[in-house]
Every structure is written in C-alpha cells, then in structure tokens.
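**Q** fold the following.
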Amino acid sequence: MSDGRKTVFLVDDGASNLAAGRALLAPAYRVFTCASAERMFRALERATPDLILLDVEMPGMDGMEALRRLKSDARSAGIPVIFVSARDDEESRAAGLSLGAADYVARPFAESLLLERVEASLGGPRPAGSGGEGPEGRGAAG
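**A** Model prediction:
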C-alpha cells in the first residue's frame, strides 16, 4: 500500500479547508482528512500518520484537547502536530506550543509557508520526484 510518501492527517471541521489542504498536500504526501478530532482518533486506530495538521476551533473536542489526548497516549505521543487555525493571538499560539505542538500556523497563510512548516516537521524537503503521480490517500473522509 505504501507508495513511499509520508502520511499526513488533516483535521478540520471546515470542508473548504479540508479540500484546500488536500489539494496543496496530495502531490507530495498521502493525505487523510478528518472532519473532527473524534474521527481522527478513529482513523488512528487504522493508520499512523507521520504528521497531523490540526485545527484549534472545532465543535465537540477542540484541537487543544485533542493534542492533550494525543500526547498522553504512547502510541501517538511522538507524532508531530502542527496547529493550523484562524486564531492568530499570542495566547493561543503559546498554549498550543506548550502542549507539545511542533508548530502553529495562522490562517490565512501563504501555501509556501505551510509546505515549509510541513517539510520541517517531517525532517526535510519533500522527496524528489513526488509530483502528482500516484493515488491520493482517502482515509477518514469528513
């Protein structure tokens, strides 16, 4: 099943954010979308991503609580998490980083910035030749 690309979970309650994130990341990464933190935890029972992009403000379990749960479970504690949020205040950023987020990117953002942050969290640039070929990850659609 592996095509050599790293796997990214994209967790956001906004359908347009999920679609835009998939379009941006799918040429280089296997992307699984989840419309809620609860769906992300169900998806984690079936697959382990290399990175999670997590919205802060979601109905039900918010991103901060989801990160607390991720970091408290040995199976997911080592997965880097980047918050991607419309919240652009220093308090939110500091809270996310203090909980163990690898990074915090505020919306709106330049696509190149998000790609750089993803690459840095995954340990380097995207693999050479990772253009748009190959199947997109489907995963827990939401």
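**Q** when you work out contacts or count neighbours from here on, use the C-alpha atoms and nothing else.
**A** Fine.
**Q** now F32, what's its secondary structure?
**A** strand (DSSP: H, G, I helix; E, B strand; the rest coil).
**Q** give me phi/psi at the residue most central in space within the chain?
**A** Nearest residue to the geometric centre of the chain (C-alpha atoms, centre = their mean): L53, 1.6 Å. In terms of degrees, to the nearest 10, the main-chain angles of L53 are phi -100, psi 120.
**Q** thought it was touching I82?
**A** Yes. Contact criterion C-alpha atoms under 8 Å: L53 and I82 qualify, at 4.9 Å.
**Q** so F9, which state does it fall into?
**A** strand.
**Q** what's the spacing between the helix or strand A94 falls within and its chain's center?
**A** A94 belongs to helix 90-98 when assigned by DSSP states H and E. Relative to the chain's own centre, helix 90-98 is displaced by 17 Å; criterion: C-alpha atoms, centre = their mean, to the nearest Å.
**Q** elements contacting it?
**A** Helices and strands touching helix 90-98, by 3 or more C-alpha pairs under 8 Å, 6 or more residues apart in numbering; DSSP states H and E, are strand 103-106.
**Q** please repeat the previous calculation with a cut-off of 7 Å.
**A** Helix 90-98 is packed against no helix or strand, with contacts defined by 3 or more C-alpha pairs under 7 Å, 6 or more residues apart in numbering; DSSP states H and E.
**Q** what's in contact with that helix?
**A** M64, D103, Y104 (C-alpha atoms under 7 Å, 6 or more residues apart in numbering).
**Q** give me that answer again for 8 Å
**A** Outside helix 90-98, the residues that touch it by C-alpha atoms under 8 Å, 6 or more residues apart in numbering are M64, F83, D103, Y104.
**Q** okay, that helix in PDB with CA atoms only?
**A** C-alpha atoms of helix 90-98 as PDB (Å, rounded to 0.1, in the frame of the first residue of the first chain):
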ATOM      1  CA  GLU A  90      -0.100  35.000  21.100                       C
ATOM      2  CA  GLU A  91      -2.000  33.300  23.900                       C
ATOM      3  CA  SER A  92      -3.400  30.600  21.500                       C
ATOM      4  CA  ARG A  93       0.000  30.100  19.900                       C
ATOM      5  CA  ALA A  94       1.800  29.800  23.300                       C
ATOM      6  CA  ALA A  95      -0.900  27.400  24.600                       C
ATOM      7  CA  GLY A  96      -0.600  25.100  21.600                       C
ATOM      8  CA  LEU A  97       3.200  25.100  21.700                       C
ATOM      9  CA  SER A  98       3.300  24.500  25.500                       C
END
